[in-house]
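Asker: One predicted model, sequence on top.
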Amino acid sequence: MMTIGVCVTLSKKPIAECFRDITNMGFHHCQILSWDRSLRTPEKVQEIRNACKEFDVTITAFWCGWGGPAEWNFYSGQETLGLVPVAYRFSRMQDLMNGADFAKELGVTDVVTHMGFIPENPNDVNYPGVVAAVRSVACHLQQNGQYLLFETGQETPVTLLRLFEDVGLPNLGVNLDPANLILYGKANPVDALDVFGKYVRGVHGKDGKYPTNGRELGEETPLGQGKVDFQALIKGLHALGYDGSITIEREIEGDQQAVDILAARDMLRSIIDAL
């Protein structure tokens, strides 16, 4: 049976307070989102371990950010995101491997990240370097007994599948963010299951609309107000045998975030219970 979780951002706020908040909302599964690399310390590992025991929280994945600039649009994003830009590639490979080692200490198997705008043209001169970089990071995770998960969005499903085939390692997976596939205008997430469904190891509960111009992403929305057909998506995941977590992600701040998360929880629960 699929579970429902929520994203928790690693920050200077005590993790016990974060876990208290999510358990009060009815969640016992989460993905840890980590962008502040200074917090990846042995002390933080112990703090998280203690909080997991205290609040009976299971960490389903470690979302690993990397250093350097990041601009989430169709122009500057090509030059700043993930392992694709050559200027940041080596340092970010180290960031991902270090983050994976941190996750290993937490006992977390799945490490998630955005790889950037993977070249859709396999003849692009930059493509072999991206393949080699991903293979190197994935090899490190393989030695840790971990999976490297690609969060969907910046590439078409076929481009992602081709990269997996070209890297050729068994520990690659997909963290399916259905909203991102729509926000970036790359695919219908339900149909995307036909392409990479067997690789899905994590799912985000997020909704959104398609782009309305060629420069900026589409608009994220509360679940049920965007273009993601969660009824069909969850049915498709169930048919594939997916029994992991659907992790709610609502990328706004303030009181409305909690309101939207709780509404998303209820919507997802009703769909899962009807399977």
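Answerer: Structure's in. What do you need? Numbers count the residues shown, from 1 in each chain.
Asker: where in this protein is pLDDT low?
Answerer: Applying pLDDT under 70 to the chain flags no residue at all.
Asker: Can you tell me the centre-most residue of it?
Answerer: Nearest residue to the geometric centre of the chain (C-alpha atoms, centre = their mean): E151, 4.2 Å.
Asker: Show the contacting residues for it.
Answerer: If a contact means C-beta atoms under 8 Å, 6 or more residues apart in numbering, then E151 has W63, V112, T113, H114, N175, D177, N180, H204 as its contacts. Bear in mind the C-beta positions are built from the backbone N, C-alpha and C, glycine included.
Asker: Surely the third one touches W66?
Answerer: By that I understand T113. Yes - assessed by C-beta atoms under 8 Å, T113 is found in contact with W66 at 7.0 Å.
Asker: Mutual contacts of those two, please.
Answerer: Common neighbours of T113 and W66, counting by C-beta under 8 Å, 6+ apart, are G82, L96.
Asker: can you map out the strands along the stretch 1-150 of the chain?
Answerer: Ranges of strands within the stretch 1-150 of the chain are 3-9, 29-34, 58-64, 110-113, 147-151, based on DSSP state E, counting those that start in this stretch.
Asker: swap in the stretch 151-275 of the chain?
Answerer: Counting by DSSP E, counting those that start in this stretch, the strands of the stretch 151-275 of the chain are 172-176, 200-205, 207-208, 220-221, 245-248.
Asker: partners of the second one in the sheet?
Answerer: The reference is to strand 200-205. With DSSP bridges as the test, strand 200-205 is paired with strand 172-176 (parallel), strand 245-248 (parallel).
Asker: Make a markdown table from those and add distance to R37 and mean neighbour count to it.
Answerer: As requested, the strands paired with strand 200-205 are exported to a markdown table (distance: least, C-beta to C-beta, whole Å; neighbours: other C-beta atoms under 10 Å):
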| stretch | distance to R37 | mean neighbour count |
| --- | --- | --- |
| strand 172-176 | 20 | 25 |
| strand 245-248 | 22 | 26 |
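Asker: Which one of these lies nearest to T58?
Answerer: Closest approach to T58 among these (C-beta to C-beta): strand 245-248, 8.3 Å.
Asker: for the closest one, the distance to its chain's centre please.
Answerer: On the basis of C-alpha atoms, centre = their mean, to the nearest Å, strand 245-248 sits 10 Å off its chain's mean C-alpha point.
Asker: Alpha carbons of it, as CSV, please.
Answerer: C-alpha atoms of strand 245-248 as CSV (Å, rounded to 0.1, in the frame of the first residue of the first chain):
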residue,chain,number,x,y,z
SER,A,245,5.5,7.0,-0.7
ILE,A,246,3.9,9.9,-2.4
THR,A,247,5.6,12.9,-0.9
ILE,A,248,3.7,16.1,-0.8
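Asker: Contacts made by it with the rest, please.
Answerer: Applying C-beta under 8 Å, 6+ apart, the set of residues contacting strand 245-248 is 2-7, 29-31, 60-61, 202-206, 223, 234, 261, 264-265, 268, 272.
Asker: OK, contacts around H29?
Answerer: By C-beta under 8 Å, 6+ apart, the residues touching H29 are T3, I4, G5, V6, V57, T58, T60, S245, T247.
Asker: what's around the residue nearest to it when sequence neighbours are not counted, how many residues?
Answerer: Using C-beta to C-beta, 6 or more residues apart in numbering and skipping residues adjacent in sequence, the residue nearest H29 is G5, 3.3 Å away. G5 is flanked by 28 other residues according to other C-beta atoms under 10 Å.
Asker: and the gap between the closest residue to L233 other than its chain neighbours and H140?
Answerer: Closest residue to L233 in three dimensions, ignoring its sequence neighbours and counting by C-beta to C-beta, 6+ apart: V190, at 5.2 Å. Using C-beta to C-beta, to the nearest Å, we find V190 at a distance of 33 Å from H140.
Asker: Over to R162?
Answerer: 22 Å.
Asker: Same check on N98?
Answerer: Distance of N98 to H140, given as C-beta to C-beta: 10 Å.
Asker: To what extent is A138 buried, counted in neighbours?
Answerer: 23.
Asker: Now do the contacts for it.
Answerer: Contacts of A138 by C-beta under 8 Å, 6+ apart are L148, V167, L169, N171, L172.
Asker: if we can go back for a sec, from the contacts of E151, which single one is nearest E105?
Answerer: Each of the contacts of E151 was scored against E105 by C-beta to C-beta, and W63 proved nearest at 16.0 Å.
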